[in-house]
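Asker: Generate coordinates for the sequence data below:
(2 chains)
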Amino acid sequence: MADGTGRMPRTGWLGLRLRLRAKLTLVLVMAALVPMAVVAAIAVGVVLGTLDRGLRSETERQLGVGLNLVLRTVERLGDDAVRLSTTGDASRALSEGRVAVVEFLARQAPQLPSSLVQITDAAGQPVADLVVGDDQARFAGLALDGSSDEVRVGQRWGRRVTFDVVGDRLVVRAVAPIVDASLALQGVVVLSVPLDGDFVDGIRGALGTDVLVAARTAPSARSTFRDATGARLPDVPVPTRVATRIGLGRPITTTQSIGGREYAVAWTALVDHEGRTVGVYGVAVDRRPVSRAQRVAFRSLGVGAALALAFALLLAAMLSRRLGRPIGRLHRGAVAIARGDLDHRIEVSGGDEIGELAEAFRHMTTALKENQQRLAARMREIVALHDAGRAMSSVIELGQVTRKVVDTVARTFDGYLCALWLAGGDGDLSLAASRARRTGRATLPDGAEAGEVASRLHALAREVADTRAHLRIVRAAEDPRRGDVLRGAGIDGSVIVAPLERKGAIAGVLVVARPAGERPFSEADANLLATFADQAAAAIENARLYAQVVGASEELERKVQLRTSELTQINLALGKTLADLKETQAQLILSERLAGLGLLVAGVAHEINSPSAAVRGSVEAMGEVVLRLTRHLDALAALELPEARRAALLAWIEAAGRGLAAQRLPTGMAVRRSQRDLRARLEAASIASPLEVARELAEIGVTPELADELIAQVGDGPAALPLVAAGYLSEHVHLHRNVLTIHNAIGRIQRIVGALKTYSHLDQSAALVESDLHEGIETTLVILDYVLRGITVSRSYGELPRVRIFVDELNQVWTNLIQNAVQALQGHGTITIETAVEARGNGATTQPGVVVRIIDDGPGIPPEVEGRIFEPFFTTKAKGEGTGLGLGIVRRIVDKHRGEVSCESRPGRTCFSVWLPVTASAAAPGPEVAAGGPEEPAAPAAAAADDPGEVAS
Amino acid sequence: MFRRLVLAVACAGLLGCDVADVALGRSAPSDDHRIGNRDPGTLVIGRATDAISLDPARVTDNESAEVSFQIYDTLVQWEPGTATPAPGLATSWSVDPSGVVWTFALRRGVSFHDGTPFDADAVVFSLERQRDPGHPFHRPDFQYWPNIYRDVVKVEKVDAYTVQITIDRPYAPFAANMAMFPVSIVSPSAVAQWGDDYGEHPVGTGPFVFERWDRGGRVVLRRNASYWGGAPELDRLVFEVIEDPRQRLVALESGAIDIASAVLPEELQFVDLHPGLVLHETAANNVAYLAMNLRPRDDGKLQPLRDVEVRHAISYAINKEPIVQLAFQGLAIPADGPLPPSQWGYHKPRALYDYDPGRARALLADAAARGVFDPAQELTLYAPSAPRPYLPSPERVARAVQANLADVGIRTRLVIQPFADHLKSLRNAEHDLCLLGWVGDNGDPDNFLQQLDPDNTILGSAVNNAFYSDGEVRGLLSRARETDDRLERERLYARVQERIAEDAPWVPLAHSQVALAARDDVTGLILNPTGQVLYRSVRRVRE
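Answerer: Down below sits the predicted model:
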């Protein structure tokens, strides 16, 4: 408030009053003058505009009426011409000759307007003229000759009335044909009237305003203007604007000075029958009445404005004075209050708003004073509370807090006894602290102990705890209900009992008492104690919480120790379980491999079984063949033959037999055909028993050429020789066939054993070997040959580099994938195996690699299981058909190669892709030295055993 | 405080200016010096007589038709300013190969002024009430139908927006007939509501809505803002009766009306010279002619008119120019055939007969020598006594014709009778020569040319009062009626007109015109050659 006084403007009252009055005056003058000025402006505008427009409008109206009058006059001239031409006498007069016509015209003259009348004959030759009226000069030079346009119109039976220009004179011409009853042309009548002063005088008479008329080409207009003596004024010049713009549209209005006076003149065009502007026509209206009215309007407005200004100034001065003075007084009062002088009185009388303002001002100062006093008292209490709070929060242990509370209360409230009860868990109050104090003369009666006195006040504390409202007893001796209790405790003065509340529950009760001689507690004291009680409750709560925290942390420590030992035991158990699990998983994997091995063994056994059966069959057959050979040899030996020839025959037979054995056996049909052919040849060579010989030879597929060779060998020998030679040849062929069969079977067995060896790679199972993927795939196909029956295997191999792999593990991959495909195909279909070089990666870091795709055209994998097929133990096969580990193992093995396996499937095409990376050294061509790099995966055996998690990953 | 004051003053200033402007602006527009300050959205048409009824089925007069034409639409309309049929309430139409079943596809989304939707039912109602004597809203005084539409057999609804009309013989001009005002489409609900008083409460779909009718005084129409063909420019259209033609012109001059119809020929001069008035002349779509009776008679008298050379002589003898200039007072053009030049199908024939009395005399001398013409024989020349729209002063024309014929040596006797008697005599072929004319109804050439159709020569009802009976003309007309191909029809009609010109059964005299005077601020006025005035595009503007 002291600051506020300092910042008040130090302007004197006089200065303020002047400014206020000046502004007020200005506002009031403006308020009066602005609307007045606006209204005046509008009024002037309206008056002037209306007058001007009125004049123009009037002039143009006159113009319109005048124009109609002109046209009516013109039209009447046309009517006159028609009437003259259709008068029966006209055609008769014309037929009678010139004299008759002149007479006819003379007869008609009284009915004709002042004009020049001309009559021509049918050929257009003038017959008679007549000027109606006495002003011959007026019509001089207007007569038309027979070749004029107007006469020609008449000759074509046309009627016309129009404006014509003769020199700079404007003339009205009316033409009409004169015909007889059969419409035959007799002549033409033409009436001409000049549009001059005389003509327009007639219009003026009807119109009441002056009229002007001029030919289009004329610089000035004939008019009806006359001076004071009645003499015609000279022609009025046509304004340039009118001369150039007339006929372009609306009438034109000009202001012109004619004969020393201002006129508003409206002009319009006169057009002929073809719409050409041939002249102008104007009507002039005197501007004097309008000018006069305008002057009067200006003068009235001027006087009015001056009067209004004077009145406004006077009014403004009075009003500002009346308003300014009391406001000045209020200003003085406000300045005084701002200074802190709350006792300043403002004297303003009157019942108006300013009087009410002054009254309000007075109320304001009184209220300010009271508030100031109340504020000081509150200030003191706040300081006391602040101190008490600080005292209480300086300690934390509950006993200390309670003592601090009673000490502080006793001191702050100037009491001779203060006691604090605290509520227990069951709501019972127990005395926590009490304090007796000497105040002035008074001590507790009988020098009683504070605790003892306090304990007698328990009932009072109980009551307050139950009602939860503080209790103030002004004089203990006079209280009817609690007087006994208090007196029993020896308390005779004033008492306040206040509850301590914390979170809606009673935390305790605080009692303070003053002796009878001291000032009794006021309600403000009670309120203060209540506030203090809240603080005390908070402090006690804090102390209690502190105690709880200490207790709790000890308990926690104990529990942590206990838990730690439990956890250790559980950990041990878990470790054991984990080991069990690992073992189980290893067993499972092993059993899967065993299952594979079982399949393998079954396949191998099957494969070996048939060739060995073939060998046994061949060996048995060979016994018989050898026996028969021996017999044929004996028969051959018995025949009479030179030794050299026999040896040559035997050599030929052995050679031919080996050759025939390598050929395919002929079919029955071929045998029969060949037999006929051979028989014919044999018979031709006179060979004995041709039929038998031919049968033997045909059955072993002897060609005619070979037969000719045989004939050459045996042709000239003994008669039995051909048959014996043929039998010997036949047995030879059988012998060689059996040998071939055995050879093939053994070869097959060797291939299977070799494949098995390659497949298992027993000798190098734990090392990465650079190898050809195709080799592994082919080996697998050989081993699985027995399950591939009925299935077409199609290969689409790309050029692959050698890849560093665990050969036997990858073979298991191919086995599993091919087996999967076989199972999907259920005995028939196609498996396609594609290989290709394929780099994978994301942009910058592509990794070279190869991909193997095993594709079947089976029904496909249902979409709902497609995402799960690589999970271990997942299977769609019937129980016992598969372990569900197959694809899981595939995935694990491929992962171990840092490769990727994926599957896409739809009905008709299921494709498993195995992508394997090619490391730089592996991709390099040429022989490879196996070397472990940093990227080399861990040894497979160790990985499988130590890290079962990988199977499930 | 001060700033606020300045603002207040500024506002007051602006307001003041506004007020001043308004005050100045409202003080009478200086450029309008007419009597009264009429709303520029209203167009007043002054005309000689009032409408008779606004039920299009009941009337034949022009005044009723003119108002009907604004209130109603027809299925077919004329292209503005032409006599070419164009889509109206029907968006398209077609005729089946037999030429008798006409199918009209109706415009959708159109409503009558009373809100009744326009559809096939409304069309069937509007036509059937005229055709079917058993229809609850049929009245015996329906005038047009029995004449023009008697060939309609039935009118049927195909679906909500398709109507089929069956006629009794192939007739190509039928579409044009559907553009005439008697077949305006009326609101069935309004007819049902008002019954016999419907003529005073007309409800159509047209560009203007009926508002008020003070019998004998004014018909007031207001703008149909939702007109399907685009709302009119005008807010109101007033037809005011001012009987005296001179008074009509005075009213026009003073600005009390905007258009004066039927301006007298003698007033044309005045309109021509008035800078604020504009004359609109248009063909009245009619023809006036002198017909020669070719019907063979058995009374033994010579029949010179049956000789084509005599007819040619008569054609050369008639001087049309003075007739046009004096009998029609210049408000006509000389005719060279039955069709006015504004009518589609008009063809200027090769055989033209310019006034040449010398040649006429020579031809007659030749005819006399051949014994087919006797100069002593007197022929009758029939003419009506009262003026007709196409023949304003029949007696005067008759006398001129008589004089022209006398000039070349043909004696004639005038027979002038009241119109009804005149017609009766003509239908009974009592005449040798006669004066008559025709007003085109539907904008189709057939309407004019059927007057020379041999089929119309039945005694007692003959429209072909020349009793001209040429087989080729009959064939050509019949073919033209049966094709819908406009070009083909034009070709056929050209041949008809050539043939007629050669045979000269008529001396075509004149096609009269109508003149309408308007103030120069009236723009967008369209006059159809068929006689209708389109007010839809009219605006009143000051240029």
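Asker: How about stretch B:377-391, which residues are buried there?
Answerer: Neighbour counts over stretch B:377-391 (16 or more other CB atoms under 10 Å in any protein chain shown) mark B:379, B:381-384, B:388, B:390-391 as buried. C-betas here are computed from N, CA, C, even on glycine.
Asker: Could you work out the end-to-end span of it for me?
Answerer: 28 Å (CA to CA, to the nearest Å).
Asker: Say whether chain A is contacted by it.
Answerer: No - using CB under 8 Å from any CB of the partner chain, stretch B:377-391 stays clear of chain A, with a minimum separation of 12.9 Å.
Asker: pLDDT (mean, whole number) over that stretch?
Answerer: The pLDDT scores in stretch B:377-391 average 88.
Asker: and what of stretch A:219-236?
Answerer: 82.
Asker: And that stretch, what's buried?
Answerer: Within stretch A:219-236, the residues that count as buried by 16+ other CB under 10 Å are A:221-225, A:235-236.
Asker: so how far is that stretch off the chain centroid?
Answerer: Stretch A:219-236 sits 86 Å away from the centroid of its parent chain (CA atoms, centre = their mean, to the nearest Å).
Asker: Equivalent analysis for stretch A:831-850, please.
Answerer: In this view, stretch A:831-850 has its centroid 40 Å away from the chain centroid, taken as CA atoms, centre = their mean.
Asker: then that stretch to CSV, C-alphas only?
Answerer: Provided in CSV are the C-alpha atoms of stretch A:831-850 (Å, rounded to 0.1, in the frame of the first residue of the first chain):
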residue,chain,number,x,y,z
ILE,A,831,8.8,-84.3,-58.0
THR,A,832,10.8,-81.6,-59.6
ILE,A,833,14.2,-80.8,-58.2
GLU,A,834,15.6,-77.4,-59.2
THR,A,835,19.0,-76.0,-58.3
ALA,A,836,20.3,-72.6,-59.0
VAL,A,837,22.8,-69.9,-58.0
GLU,A,838,20.9,-67.2,-56.0
ALA,A,839,22.3,-64.3,-54.0
ARG,A,840,20.2,-63.2,-51.0
GLY,A,841,20.3,-60.2,-48.8
ASN,A,842,19.1,-56.7,-48.5
GLY,A,843,20.7,-54.3,-51.1
ALA,A,844,24.2,-53.5,-49.9
THR,A,845,24.9,-56.8,-48.2
THR,A,846,24.0,-59.5,-50.6
GLN,A,847,25.3,-62.9,-49.8
PRO,A,848,26.1,-65.3,-52.7
GLY,A,849,24.5,-68.7,-52.4
VAL,A,850,22.8,-71.6,-54.0
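Asker: can you tell me the residue of chain A closest to chain B?
Answerer: Per CB to the nearest CB, A:Ser182 is where chain A lies closest to chain B, at 2.2 Å.
Asker: need the contact list for that residue.
Answerer: With contacts defined as CB atoms under 8 Å, 6 or more residues apart in numbering or on different chains, the neighbours of A:Ser182 are B:399-400, B:402-404, B:406-407.
Asker: Could you give the secondary structure assignment for it?
Answerer: Secondary structure, DSSP: H, G, I helix; E, B strand; the rest coil: A:Ser182 is coil.
Asker: that older thread, return only those of the buried residues of stretch A:219-236 found close to chain B.
Answerer: Checking the buried residues of stretch A:219-236 against chain B (CB under 8 Å from any CB), there are no matches.
Asker: which of those sit farthest apart?
Answerer: Within the buried residues of stretch A:219-236, A:Thr224 and A:Asp235 form the most distant pair, 11.6 Å apart (CB to CB).
Asker: Next SSE downstream of the strand or helix carrying B:Glu281?
Answerer: Element membership of B:Glu281, judged by DSSP states H and E, is strand B:277-283. Going down the chain from strand B:277-283, the next helix or strand is strand B:286-292, by DSSP H and E.
Asker: how about that following strand, does it reach chain A?
Answerer: No - using CB under 8 Å from any CB, strand B:286-292 never reaches chain A; the gap is at least 14.3 Å.
Asker: Tell me the helices and strands packed up against that strand.
Answerer: helix B:308-317, strand B:433-439, strand B:506-519 (3 or more CB pairs under 8 Å, 6 or more residues apart in numbering or on different chains; DSSP states H and E).
Asker: what comes up buried for the helix or strand B:Ala501 falls within?
Answerer: In this assignment (DSSP H and E), B:Ala501 forms part of helix B:486-503. For helix B:486-503, a neighbour-count test (16+ other CB under 10 Å) marks B:489, B:492-501, B:503 as buried.
Asker: Next, the angle from that helix to helix B:308-317.
Answerer: 100 degrees (axes from the mean of the first three to the mean of the last three CA atoms, to 10 degrees).
Asker: what angle sits between helix B:486-503 and strand B:506-519?
Answerer: 120 degrees.
Asker: So what are the sheet partners of the helix or strand hosting A:Ala433 and their directions?
Answerer: Counting by DSSP H and E, the element that carries A:Ala433 is strand A:429-436. According to DSSP bridges, strand A:429-436 forms sheet pairs with strand A:417-423 (antiparallel).
Asker: Cool, thanks, signing off.
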